[in-house]
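> Quick one: sequence and predicted model below, then my questions.
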Amino acid sequence: MRMLRALYNKAVYAGLTKHVYNLFHDVYTGIDKSHKKAMSPVDLNKLFFGKVSSPALIRAQQIARLMYCLCGIPFVDFQHVGADSVKDGSLNYSRRKTGVCVSIPVNKETVALIEKAAVCPSDMNTEEGYRHYQSLLRKFNASLSRLASKLGIKAHVSSYTIRHSWATTALYCHVPVEVISSALGHADIKTTQIYLKGFNAKEIGLANRKVCRCVENK
């Protein structure tokens, strides 16, 4: 609904349709923070290392694992990444969505994987290029769905699932939110917080016991 509202507003500004006052007044267009897209570490392990024989699924698996290892890089940016993006041991790219520059240290093995998993980039400034990107993304997401089904993973899997999963796993590994935000290329830390899956009651209880022990009588 957020996308539909944005398209409608653009159409109004372009003079392609009439403005209707409060058209989306009774429609929820916010972000449901209770809806999380992150996968569990167990399912991630299955997705990245499960045995498959189809060359198409093996390639999708390699790309998914590489995107995760590159701090959950989004597919729209991944398609423009290549060996020439690596300088002085770091992969450098600029987020298309936010313009934020991201630098990720990589080793020779990762560089080799980047070269092997490279996809044909799209010129997003042209209609033909944008259609090409959408086609690549649909095919990749369809391959991920088939891969997940083949490996017995019930959770929904897409390119953005990988990104959300990296962010949430980083949080569980006690990586500061500021670092996670920088690695994701977010312009606002509030966006990062939307990505993150909350801790359950057991984990909160464990953390609380640790904090309380700090002030207990010895």
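Right, received. Where do you want to start?

> what about the strands in this structure?
Listed in chain order, the strands of the chain (DSSP state E) span residues 86-87, 90-94, 101-105.

> Can you pull up the most central residue in the protein?
Per Cα atoms, centre = their mean, the C-alpha nearest to the average position across the chain is that of R163, at 2.2 Å.

> How about L147, nearest residue that isn't a chain neighbour?
Nearest residue to L147, sequence neighbours excluded (Cβ to Cβ, 6 or more residues apart in numbering): L57, at 4.9 Å. C-beta coordinates here come from the backbone N, C-alpha and C atoms, glycine included.

> hang on, that neighbour packs against K150?
Yes: in terms of Cβ atoms under 8 Å, L57 counts as a neighbour of K150; the distance is 6.4 Å.

> that older thread, report the separation between the residue nearest to L147 and L47.
According to Cβ to Cβ, to the nearest Å, L57 and L47 sit 11 Å apart.

> Now for the two: what residues contact both?
Residues touching both L57 and L47 (Cβ atoms under 8 Å, 6 or more residues apart in numbering): L147.

> Go ahead and produce PDB holding the CA coordinates of the helix-or-strand element of the chain with minimal mean pLDDT.
Here the helix or strand of the chain ranked lowest by mean pLDDT, DSSP states H and E is helix 201-213, holding a mean of 73. Extracted C-alpha coordinates of helix 201-213, given in PDB (Å, rounded to 0.1, in the frame of the first residue of the first chain):
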ATOM      1  CA  ALA A 201      11.400 -13.600  26.600                       C
ATOM      2  CA  LYS A 202      14.000 -16.200  27.300                       C
ATOM      3  CA  GLU A 203      16.800 -14.100  25.900                       C
ATOM      4  CA  ILE A 204      15.500 -11.000  27.700                       C
ATOM      5  CA  GLY A 205      15.400 -12.900  31.000                       C
ATOM      6  CA  LEU A 206      18.900 -14.100  30.600                       C
ATOM      7  CA  ALA A 207      20.100 -10.600  29.900                       C
ATOM      8  CA  ASN A 208      18.200  -9.300  32.900                       C
ATOM      9  CA  ARG A 209      19.800 -11.900  35.200                       C
ATOM     10  CA  LYS A 210      23.300 -10.800  34.000                       C
ATOM     11  CA  VAL A 211      22.500  -7.100  34.600                       C
ATOM     12  CA  CYS A 212      21.000  -7.800  38.100                       C
ATOM     13  CA  ARG A 213      24.000  -9.900  39.100                       C
END
